[in-house]
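J.: Show me how the following folds:
(chains A and B)
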Number of protein chains: 2
Amino acid sequence: MRAVILAAGEGSRIRPHFTEPKPLIKLLGLSLLERSILSLRECGINDFVIITGYARNEIIDYLGEGSKNKIHITYLHNPNWKQGNGVSAAAFKKIHRPGEKFILTMADHVFNPEVLKTFVQAAASIGHDELLLAADKRLDRVWDLHECTKIKSAGDKAIKLSKTLHDYNAVDCGIFIGTEVLLQALEEAVSGQSYNLTDAVNILASQGKVKLHYIKADWVDVDDPASFRQAEKILLKSALPDKDGLVSRTVNRKFSLPASKILCNTAITPNQVTLISFLTALAAALSFALHQPALGGILAQISSVIDGIDGEIARLKFLKSNYGSLFDAILDRYADFFIVTGMAWDWFAKAGNLAVLLVTAAALTGLPLSMLLKEKYHSITGKAYLPRQDDGLLKFLPANRDGRLFIIMLGGIFNMTPAALVILAVITHFQALGRLAKLRKLL
Amino acid sequence: MRAVILAAGEGSRIRPHFTEPKPLIKLLGLSLLERSILSLRECGINDFVIITGYARNEIIDYLGEGSKNKIHITYLHNPNWKQGNGVSAAAFKKIHRPGEKFILTMADHVFNPEVLKTFVQAAASIGHDELLLAADKRLDRVWDLHECTKIKSAGDKAIKLSKTLHDYNAVDCGIFIGTEVLLQALEEAVSGQSYNLTDAVNILASQGKVKLHYIKADWVDVDDPASFRQAEKILLKSALPDKDGLVSRTVNRKFSLPASKILCNTAITPNQVTLISFLTALAAALSFALHQPALGGILAQISSVIDGIDGEIARLKFLKSNYGSLFDAILDRYADFFIVTGMAWDWFAKAGNLAVLLVTAAALTGLPLSMLLKEKYHSITGKAYLPRQDDGLLKFLPANRDGRLFIIMLGGIFNMTPAALVILAVITHFQALGRLAKLRKLL
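T.: As a prediction, the model looks like this:
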């Protein structure tokens, strides 16, 4: 399926606040237009048609043929872009292929990536004489309702659309799966001097041909500084992984997300962040070994926070990689090893007895078990193990990496390294055996 | 798809050597008929039709309705089973559904499970007026060629079949994907007083309707004590996992397979074997801690051999379970922990210094990395990581569990526990970092 992205308008309300033309405004390190493209690439779309108007040359210079992003871009120009977005959308008719379904969206709409994934999958559900429109009926969650195009609907069919509708039950999110009939309706509307996309959609709605797909996650039409900030919020929230542990969710993310928001605008890569997290862990280990437990503990917790940033940046800037995930997983295990060994060294120098050896050994063995069980579960069942959902009461045990590093911080700050080691050994094994008992029934 | 299994014959050549009727003869703990059924169940088949003749009641008493094996069995009786297997196969016509494709096989044919998997998948490749026949053209590998039904073929079509053919290039393996036309040909053959399945297949072959599926793994028609032993060999070989390490492949399996061959005939479960392997590892740890390194080393290696048996029995008796696999993985990590701690204890008592602590910590951290990388790779890519194929030169490093326990044995026997711990620490981390470097390019 090809995607058609309208990037022809001037964006007069946001223009004064930025130096770039609107589609090239950077949101968390990626221009709005690039973000639309990469979000759709995640859904398996590789062929894009961009309709330009205002600032045509800047856009083409910026994005090029798309080979940098491993996609293909065709540009169509609408010299009459000032008339309305219906004229821009109609430009696609020239290169539309008979029977082709296509996605139509706007460069300035920002979606939680989940919205796009389910919408693209729904493309199969419409006939070749229908239009599918993403709609949001969670009216209390819609941003800037006043500016939205409202929809009066009956079941999953749109009856009428307008900005000024009083009797409505959903709003138009600005993504469509189009077919032949949309292009015909656009032509009909334009020749009747109605230049907006909504005019064409209304023609089809009156024929009962507009199906609605109700979305369940957030989105925003970016057209002023406030909606720009809302878009940042939506994206940052979408970057939180489901598999987060308790400490990570309630403490670490409060620090890592603001850091990611800043770092997204730099050239730093997720793997570089992984390395910084690892080096911070080494510094923690060294601090413990040099009998500076408080510093060691704090550095361990900082390393834990940084450990969340790599994934956030990877998701926000579409830089996820299999190798990055593996690199992070292995470096985390080494980091754990150095920290625990540093703690043991500290303790050993004070009380060099067999207990140190045994507790350290137990803790070191327990550390990787959490991840190991999750990975084994994933490779056996093909599904991710989600502690928050699958762990039952065990989810309150701080035995995942975020919880463990938090305990290490407390142990360091209160100069109770031996107690921290004992706790680590106990909770990691308790979690592993608890999960094993749980999975015995489930698998 | 339903499977029709012919279990009507007497099996006169093997009869004198066993007390049970032929379909109920136990091969590695499962009757031949049960094994046919469970092998097909692995391919997604749950609905079985068994054609009985000789010893009808014993067979029905033994298998019942199939609920024990979570399948459904329908029995059809052929009172004229002495006439030939074509008459038995023809009995299915009564309950054949219009347009239905079905698998037809014999209770006494034993296949490497891979043969069945690819054959069942090939069912889609034939039309509703064709017959698909599994054929083997690796004539030098066929067991008891003299007794086989030979096939003269042209490309993937059979031209003629007969036991006494001189000009042939493949043999009939005794599994078919049948359609309407096979049942019609059987009726035609029987009414012409030709009572063998081969007669019906020849009618279809003369019409160009018999397609051949060439198999690539071993099988055998069990009809005397020699072919029974060959069936055991084929199955034992098929129970070896692809992911075996070097020591496992070259040493451990030489002991574990013969043990599995015996244990298959007992009621012992794979999880019980996993537990015995774990207890043996505990005994090894205790021996090290009590300064009996030679005994500790040997017990560690025995635990490693036993660790292979659980999987072999699970595969041979269709007892594989997700939980079993997880249970084994976790218990192996605990076993490793106890053994290494036992070794460290032994060393510590002799030289209680910081080096012991550090080497032990390094070894304990290295131990799970091999499995962890493989599991993470699996859950990221959806494909198993196969050391023999994916490890390159690293495959010669004894850092997988089989290799590690072998090193522990050598360390114990030669009373060089510290050296063994150092080697363990070095090779496990070397393997992990080596794989990481390799996967950086591949992922």
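J.: do the longest helix along chain A and chain B meet at all?
T.: Longest helix in chain A, counting residues (DSSP state H): helix A:322-350. Yes. If you take Cβ under 8 Å from any Cβ of the partner chain as the test, helix A:322-350 does meet chain B, through A:322-323, A:325-327, A:329-330, A:333-334, A:336-337, A:340-341, A:344-345, A:348. C-beta here means a position set from N, CA and C on the backbone, and glycine is covered the same way.
J.: which of these has the most neighbours?
T.: A:Val340 (30 neighbours; other Cβ atoms under 10 Å in any protein chain shown).
J.: Quick one: the strands in chain A, in order.
T.: For chain A, strands defined by DSSP state E occupy the ranges A:2-7, A:26-27, A:30-31, A:47-52, A:72-77, A:102-106, A:109-111, A:131-136, A:150-154, A:157-162, A:170-178, A:210-214, A:219-221.
J.: Figure out which of these is closest to chain B.
T.: strand A:30-31 (23.3 Å; Cβ to the nearest Cβ).
J.: neighbouring strands for that closest one, and are they parallel or not?
T.: strand A:26-27 (antiparallel) (DSSP bridges).
J.: what sits up against the strand it pairs with?
T.: A:20, A:35, A:110, A:222, A:228, A:231-232, A:235, A:265 (Cβ atoms under 8 Å, 6 or more residues apart in numbering or on different chains).
J.: According to the record, where do the domains of chain A fall?
T.: A:2-234, A:240-442 (automatic domain parsing).
J.: Could you work out the end-to-end span of the shortest one for me?
T.: Looking at domain A:240-442, the gap from its leading to its trailing residue is 27 Å under the measure Cα to Cα, to the nearest Å.
J.: Kindly report the same for the first one.
T.: Between the opening and closing residues of domain A:2-234 we find a distance of 26 Å, counting by Cα to Cα.
J.: Can you lay out the strands of chain A as a markdown table showing mean neighbour count?
T.: Shown next, in a markdown table, are these (neighbours: other Cβ atoms under 10 Å in any protein chain shown):
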| stretch | mean neighbour count |
| --- | --- |
| strand A:2-7 | 24 |
| strand A:26-27 | 17 |
| strand A:30-31 | 20 |
| strand A:47-52 | 23 |
| strand A:72-77 | 15 |
| strand A:102-106 | 23 |
| strand A:109-111 | 25 |
| strand A:131-136 | 25 |
| strand A:150-154 | 19 |
| strand A:157-162 | 19 |
| strand A:170-178 | 24 |
| strand A:210-214 | 22 |
| strand A:219-221 | 23 |
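J.: Of those strands, which is nearest B:Ala399?
T.: Nearest to B:Ala399 among the strands of chain A is strand A:30-31; the distance by Cβ to Cβ comes to 41.5 Å.
J.: Just the residues contacting that closest one, thanks.
T.: Outside strand A:30-31, the residues that reach it (Cβ under 8 Å, 6+ apart) are A:20, A:23-25, A:38, A:62, A:264, A:317-318.
J.: tell me which of those residues is nearest to A:Ala134?
T.: A:Leu38 (18.5 Å).
J.: The residue nearest to that closest one when sequence neighbours are not counted and B:Pro98, how far apart?
T.: Take A:Leu38 and drop its neighbours on the chain: the residue closest to it by Cβ to Cβ, 6 or more residues apart in numbering or on different chains is A:Phe318, 4.2 Å away. To B:Pro98, A:Phe318 is 52 Å away according to Cβ to Cβ, to the nearest Å.
J.: higher neighbour count, the two?
T.: Taking neighbours as other Cβ under 10 Å, A:Phe318 and B:Pro98 compare with A:Phe318 leading, 16 against 6.
J.: quick one, what contacts that one?
T.: Contact analysis of A:Phe318 by Cβ under 8 Å, 6+ apart lists A:30, A:38-39, A:41-42.
J.: which of those residues tops the neighbour count?
T.: So for the contacts of A:Phe318 (other Cβ under 10 Å), the most neighbours sit at A:Ser39, 22 neighbours.
J.: just the buried members of the contacts of strand A:30-31?
T.: Buried residues within the contacts of strand A:30-31, counting neighbours by 16 or more other Cβ atoms under 10 Å in any protein chain shown: A:20, A:23-25, A:38, A:264, A:317-318.
J.: Check these and tell me the two furthest apart.
T.: So, these by Cβ to Cβ: farthest apart are A:Glu20 and A:Phe318, at 19.6 Å.
J.: I figured A:Thr280 hits A:Ile298, correct?
T.: No. Using Cβ atoms under 8 Å, A:Thr280 makes no contact with A:Ile298, being 10.1 Å away.
J.: Show me which of those two is the more surrounded one.
T.: A:Thr280 (20 against 17).
J.: any idea how far the more buried one lies from A:Gly324?
T.: 18 Å.
J.: Also A:Leu439?
T.: 28 Å.
J.: Now do the same for the nearest residue in space to A:Arg35 that is not next to it in sequence: its pLDDT.
T.: Using Cβ to Cβ, 6+ apart and skipping residues adjacent in sequence, the residue nearest A:Arg35 is A:Leu27, 6.2 Å away. At A:Leu27, the pLDDT value in this model is 95.
J.: go on, A:Gly352?
T.: 61.
J.: Over to the one 10 residues further on?
T.: The model reports A:Ala362 with a pLDDT of 86.
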